[in-house]
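**Student:** below are the sequence and a predicted model for it; my questions follow.
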Amino acid sequence: MADKAPWLYPYREDPQQTRLGQPVFRPFVPVSLVANDTSTPELEGLVDTGADAILASDLLADELGLNLTENDGEELHAVGGRTITARYKTVTLRLHHHEDSGAQREWEAPVGFVDGWHSFGLVLLGNVGFLDHFTVTASRFSQAVAVEDRDRFDDRFGVVMA
Amino acid sequence: MVVVSRDRGSTGGARGPAPKSPQRRQLSSADVKPIRTDFKGYEGKYVATDTRTGQVVIADENLKVVLEKARKLDHVVVGGRVPYADEPIYVGLG
């Protein structure tokens, strides 16, 4: 991503949803979580601009050998008409290039691990930890999502001053 | 809210579609099409799919099995559990 070229990902089908009998495509990007010298394989990460944080299935914490009783904090989130508890741990995340280049971007962020996970993608990529690290452009029309360096937004649109 | 543009050049007022920049042509590559997956027959199982074709390449009721197998394969991304048709659909994460 250092060359400023956006990383482009096609939308992928979500088996959990259909709309009027038609398939639903969502902006999934491949990410992996790393902790304790262990990495998950590439996972479907759903880009969600409405999510405050990065959330993930607690099954992945188990995979990484994380003890969630020793967490960085717990938060209650109201989603899907019910309340869930996210237990946060700071882990390393890797975003993988869509093509076979092997390129990846790596950063650290707090991830809220949730039990009783029902989303198809095992990772939900929200504002803190993902959208504050990248400029993300999702186009339902083009059925693709572009991920770029975070300063590309200001380059393109100028600096927004409150 | 005040927006300060760094681009002080004019884009003109011509009508019609804007000319496509080289970058836009790159983004319009035929390589980028939505990835479809046939999930039939995998209900109740965790799946991993080929990143290029969307085809299901690993399926198991145990996520650990899927994760372990996926580590050994290239071009594979692990999704989640495929629901049964009569399972309720949650709005948002649920």
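**Tutor:** Arrived safely. Residues are numbered from 1 along each chain as shown, chains lettered A, B, ... in the order given.
**Student:** mind listing the helices for chain A?
**Tutor:** In chain A, the segments counted as helices under DSSP state H are A:58-63, A:152-157.
**Student:** same list, those helices, but as JSON lines with mean pLDDT and mean neighbour count please.
**Tutor:** Where you see a C-beta, it was placed from the backbone N, CA and C, and this is true even at glycine. What follows is the helices of chain A, written out as JSON lines (pLDDT from 0 to 100; neighbours: other Cβ atoms under 10 Å in any protein chain shown):
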{"stretch": "helix A:58-63", "mean pLDDT": "94", "mean neighbour count": "19"}
{"stretch": "helix A:152-157", "mean pLDDT": "92", "mean neighbour count": "15"}
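**Student:** of these, which is nearest B:Asp86?
**Tutor:** Closest approach to B:Asp86 among the helices of chain A (Cβ to Cβ): helix A:58-63, 23.6 Å.
**Student:** now for that closest one, which elements pack on it?
**Tutor:** strand A:82-96, strand A:104-114, helix B:63-71 (3 or more Cβ pairs under 8 Å, 6 or more residues apart in numbering or on different chains; DSSP states H and E).
**Student:** quick one: the ones you listed as a markdown table, columns for mean neighbour count and distance to A:Phe28 too.
**Tutor:** Converted to a markdown table, the helices and strands packed on helix A:58-63 look like this (neighbours: other Cβ atoms under 10 Å in any protein chain shown; distance: least, Cβ to Cβ, whole Å):
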| stretch | mean neighbour count | distance to A:Phe28 |
| --- | --- | --- |
| strand A:82-96 | 18 | 12 |
| strand A:104-114 | 19 | 16 |
| helix B:63-71 | 17 | 15 |
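**Student:** between those, which gets nearest to A:Ser142?
**Tutor:** strand A:82-96 (19.6 Å).
**Student:** so which elements touch that closest one?
**Tutor:** So strand A:82-96, by 3+ Cβ pairs under 8 Å, 6+ apart, packs with strand A:28-35, helix A:58-63, strand A:73-79, strand A:104-114.
**Student:** A:Pro30 is nearest to which of the helices of chain A?
**Tutor:** Nearest of the helices of chain A (Cβ to Cβ): helix A:58-63, 14.2 Å.
**Student:** the most centrally placed residue in chain A and A:Phe134, how far apart?
**Tutor:** With distances taken as Cα atoms, centre = their mean, A:Leu125 lies nearest the centre of chain A, 2.4 Å away. Using Cβ to Cβ, to the nearest Å, A:Leu125 is found at 9 Å from A:Phe134.
**Student:** A:Lys4: what's its closest spatial neighbour, skipping adjacent residues?
**Tutor:** A:Asp149 (6.6 Å; Cβ to Cβ, 6 or more residues apart in numbering or on different chains).
**Student:** hmm, A:Val136 and that neighbour touching each other?
**Tutor:** No: contact criterion Cβ atoms under 8 Å: A:Asp149 and A:Val136 do not qualify, at 11.0 Å.
**Student:** more neighbours: which of these two?
**Tutor:** A:Val136 (21 against 17; other Cβ atoms under 10 Å in any protein chain shown).
**Student:** check contacts around the more buried one.
**Tutor:** Residues in contact with A:Val136 (Cβ atoms under 8 Å, 6 or more residues apart in numbering or on different chains) are A:47, A:49, A:130, A:145-148.
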